[in-house]
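Engineer: My questions are about this predicted structure, shown below with the sequence.
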Amino acid sequence: MSGTSAGTGRPHDGQHGGTGTERPVVRGEVLTQGSVAAYHGLSLGAPERHIVRTDLVGGTLAERPRSLWHVAHLTDVQLIDAQSPSRVEAVHELGRRPETRLMLPMQRPQELLAAHATEMLVRRLNEHPGSAVTGAPLQAVMTTGDNIDNMQHNELVAFLRLFSGGTVDLDSGGTAYQGFQDGSVDWAWAPEDPHNRWGREHGFPTVPGLLARSLQPLAASGLEIPWLTCFGNHDGLIQGRVPAGPELVDITLGHRKVTRVRAEDVADFTGDPLPAFAELGREVTPDARRRPVDRAGYVAAHWDRGLPDGHGFTERNLADGTAYYSHRGVEGVRLVVLDTTNPAGVFEGSIDQEQLAWLREELRAATEADELVVVASHHPRSSMTNDLLPADADDATAARVLGEEVGELLLAHPHVVAWFSGHIHRNRVQAHRGPDGGGYWEVSTSSIMDWPTQGRLVELLDHGGELLSLRLTILDHTGPLRPTSVETVADLAGWHRALAANDPHGVGGFEAHGTPTDRNVELLLPDPRRRESL
């Protein structure tokens, strides 16, 4: 989290370019009291210095440690085509109940503005002056999936341009907005309708011009450093939950949207999604750019889009139709990226047996090369619980590998120092101790789409004396805390964050920023590499 220059209401880097000692952005006082919930403004909390965590090992930090790896972690942008016919936003009319609990959210007040918030984070990373500890420049940005929302081609094109530069345009279909924030329903916030029921219930403001401005094409800056990608459940499943069967492809490319669903129709959406699309009552303009993109198409789209070519994906991925890889962009550090999306469906993750064998070989090779290993995936260990198999699968040979088994395999290899993920839309840092000492740190970073709309800076440091540390620093964008205009990208990014901070259905909840020990922290761990004295 970052601080604010006096009187500007905008976060800034501070003296050393993001040291983590600036005042954090927090949900502040109530600005408006609705009949159901209050709408909070954003303000500044107390400064947050880095907390040293010694869960795995103690030790003395060097005054001048050596930087081994310095990157930024971004996750869960979830760029949305808000006008797509295969979205099931109407589930929000039912509210939170047992049948809908696993479906929410399907619509967010801030959803049209995710590209603007991401653009402001990209600008901040491009301007980053280097590590506050070592002066080392940022070497790369890694994303951990759910880059898009509904596995659509137009969403993927928008994401690639957002990260590599170009015109981002998510206004699909006809010339007029055809989503549900136009005031036509009373279960979604309508930013330009002061009489909208949902807005009055939740104390949301009226923001004239927001819809039209948010749908205008965005000239994206693009990252000026290499970036690496990852495959998430929203990147490869309709609504992040079900495969794109022929019927859902037809709906996605069609001319009608769902206007109403029954609770019984969504209770088993992942088992049979078609009943939820029974009432396609709203006419929209069809758009061929909405076509679903499978895993192979997703991977292939990452070539000729900036550096590195493929953004981590390899020629082997192209040949095999896979989306897991290892990247050795920095000497002595091997980044191992998993594909934890289950193609059979369900939003939780797992890997297949072939990927497990590949992972074992990567860990063995890294140990032989005396390399430190950083693992990245969309799902964290605790969310890899999805053992669903396709109907024609052979249970004996196709059994899915869950998080517990993957985590134990990582613990068996002391060269593994960290596992980064997204998916849960929360800042969370956990230590996993090995059976003979050592272990690794598991780090989840909150989403860009939902509150608190942040990324992380990550620096792996060598302190000598066989001591390493991971220094993690929360990073906010520089949009205004309390926007009043919709004229600039920064204004729209500010609205995104302010609205996300009041969205009652955010995946991570209002406490998604985590505790202080999940945010600005320095994580100590033993150095597993061979020393000359050994």
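Structural biologist: Here it is on my side, so go on. Numbering: from 1, shown residues only.
Engineer: quick one: the helices in the protein?
Structural biologist: With helices called from DSSP state H, the chain shows them at 114-126, 153-164, 197-201, 210-214, 233-236, 246-252, 263-266, 295-300, 315-320, 353-368, 395-398, 403-411, 489-500.
Engineer: looking at these, which has the lowest confidence?
Structural biologist: Lowest mean pLDDT within the helices of the chain: helix 395-398, a mean of 72.
Engineer: roughly how far out does it sit from the chain middle?
Structural biologist: Helix 395-398 has its C-alpha centroid displaced from the chain centroid by 31 Å (Cα atoms, centre = their mean, to the nearest Å).
Engineer: now what about that helix, what contacts it?
Structural biologist: Asp352, Gln353, Leu389, Pro390 (Cβ atoms under 8 Å, 6 or more residues apart in numbering). Using the backbone N, CA and C atoms, a C-beta is placed for each residue, glycine as well.
Engineer: Can you lay out the helices of the chain as JSON lines showing mean neighbour count and distance to Gly329?
Structural biologist: Shown next, in JSON lines, are the helices of the chain (neighbours: other Cβ atoms under 10 Å; distance: least, Cβ to Cβ, whole Å):
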{"stretch": "helix 114-126", "mean neighbour count": "24", "distance to Gly329": "16"}
{"stretch": "helix 153-164", "mean neighbour count": "23", "distance to Gly329": "16"}
{"stretch": "helix 197-201", "mean neighbour count": "19", "distance to Gly329": "46"}
{"stretch": "helix 210-214", "mean neighbour count": "20", "distance to Gly329": "35"}
{"stretch": "helix 233-236", "mean neighbour count": "27", "distance to Gly329": "22"}
{"stretch": "helix 246-252", "mean neighbour count": "16", "distance to Gly329": "36"}
{"stretch": "helix 263-266", "mean neighbour count": "17", "distance to Gly329": "43"}
{"stretch": "helix 295-300", "mean neighbour count": "18", "distance to Gly329": "18"}
{"stretch": "helix 315-320", "mean neighbour count": "13", "distance to Gly329": "16"}
{"stretch": "helix 353-368", "mean neighbour count": "15", "distance to Gly329": "14"}
{"stretch": "helix 395-398", "mean neighbour count": "9", "distance to Gly329": "33"}
{"stretch": "helix 403-411", "mean neighbour count": "18", "distance to Gly329": "21"}
{"stretch": "helix 489-500", "mean neighbour count": "26", "distance to Gly329": "29"}
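Engineer: quick revisit: who wins for neighbours among the contacts of helix 395-398?
Structural biologist: Asp352 (19 neighbours; other Cβ atoms under 10 Å).
Engineer: excluding its backbone neighbours, what's nearest that one?
Structural biologist: Sequence neighbours aside, Arg400 is the residue nearest to Asp352 in space, at 6.4 Å (criterion: Cβ to Cβ, 6 or more residues apart in numbering).
Engineer: From His379, how far out is that neighbour?
Structural biologist: 12 Å (Cβ to Cβ, to the nearest Å).
Engineer: Where does pLDDT dip in the chain?
Structural biologist: Residue ranges of the chain with pLDDT under 70: 1-21, 396, 530-534.
Engineer: before we move on, back to that, neighbour-wise, which of Arg400 and His379 wins?
Structural biologist: His379 (31 against 22).
Engineer: my read: the more buried one touches Thr340, true?
Structural biologist: Yes. The pair His379 / Thr340 is scored as a contact, 4.2 Å apart, by Cβ atoms under 8 Å.
Engineer: that older thread, in TSV: the contacts of helix 395-398, plus distance to Gly422.
Structural biologist: Listed next are those as TSV, based on distance: Cβ to Cβ, whole Å:
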residue	distance to Gly422
Asp352	20
Gln353	24
Leu389	25
Pro390	25
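Engineer: Which two of these have the greatest separation?
Structural biologist: Pairwise distances among the contacts of helix 395-398 were taken by Cβ to Cβ; the largest, 14.0 Å, belongs to Gln353 and Pro390.
Engineer: got a list of what Glu442 touches?
Structural biologist: Glu442 neighbours (Cβ under 8 Å, 6+ apart): Pro380, Arg381, Ala418, Trp419, Ser421, Arg428, Val429, Gln430, Ala431, His432.
Engineer: what about 6 Å?
Structural biologist: With contacts defined as Cβ atoms under 6 Å, 6 or more residues apart in numbering, the neighbours of Glu442 are Trp419, Gln430.
Engineer: Can you pull out the residues in contact with stretch 403-416?
Structural biologist: So stretch 403-416 is contacted by Leu363, Ala366, Thr367, Leu372, Val373, Arg381, Met384, Gly434, Gly438, Tyr440, Pro528 (Cβ under 6 Å, 6+ apart).
Engineer: coming back round to it: identify whichever of the helices of the chain lies nearest to Asp462.
Structural biologist: helix 353-368 (16.9 Å).
Engineer: My understanding was that Ser447 contacts Val77; is that so?
Structural biologist: No. Ser447 is beyond contact range of Val77, at 7.7 Å (criterion: Cβ atoms under 6 Å).
Engineer: what distance separates the start and the end of stretch 122-132?
Structural biologist: End-to-end distance for stretch 122-132, by Cα to Cα, to the nearest Å: 19 Å.
Engineer: Find the nearest non-adjacent residue to Phe313, please.
Structural biologist: Val299 (4.8 Å).
Engineer: could you measure that neighbour against Arg289, distance?
Structural biologist: In terms of Cβ to Cβ, Val299 sits 19 Å off from Arg289.
Engineer: rewinding a little: just checking, the residue nearest to Phe313 touches Glu315?
Structural biologist: No. Using Cβ under 6 Å, Val299 is not in contact with Glu315; the gap is 10.4 Å.
Engineer: Give me the neighbour count for Val507.
Structural biologist: Counted with other Cβ under 10 Å, Val507 comes out at 20.
Engineer: Gly455 versus that one, what's the distance?
Structural biologist: Val507 is 16 Å from Gly455, by Cβ to Cβ.
Engineer: any common contacting residues for His379 and Thr340?
Structural biologist: Gly349.
Engineer: Let's see the distance spanning stretch 493-511 from one end to the other.
Structural biologist: 20 Å.
Engineer: Show residues contacting that stretch.
Structural biologist: 27, 39-40, 42, 104-105, 108-110, 113, 116-117, 120, 425-426, 446, 450-451, 453, 477, 479-480, 483.
Engineer: Just the ones of the residues you listed in strands?
Structural biologist: Counting by DSSP state E, those place Arg27, Tyr39, His40, Leu42 in strands.
Engineer: Kindly indicate which of the residues you listed lies nearest Val258.
Structural biologist: Nearest to Val258 among the ones in strands among the contacts of stretch 493-511, with distances taken as Cβ to Cβ, is Tyr39, at 28.1 Å.
Engineer: Run a quick neighbour tally on the closest one.
Structural biologist: 18.
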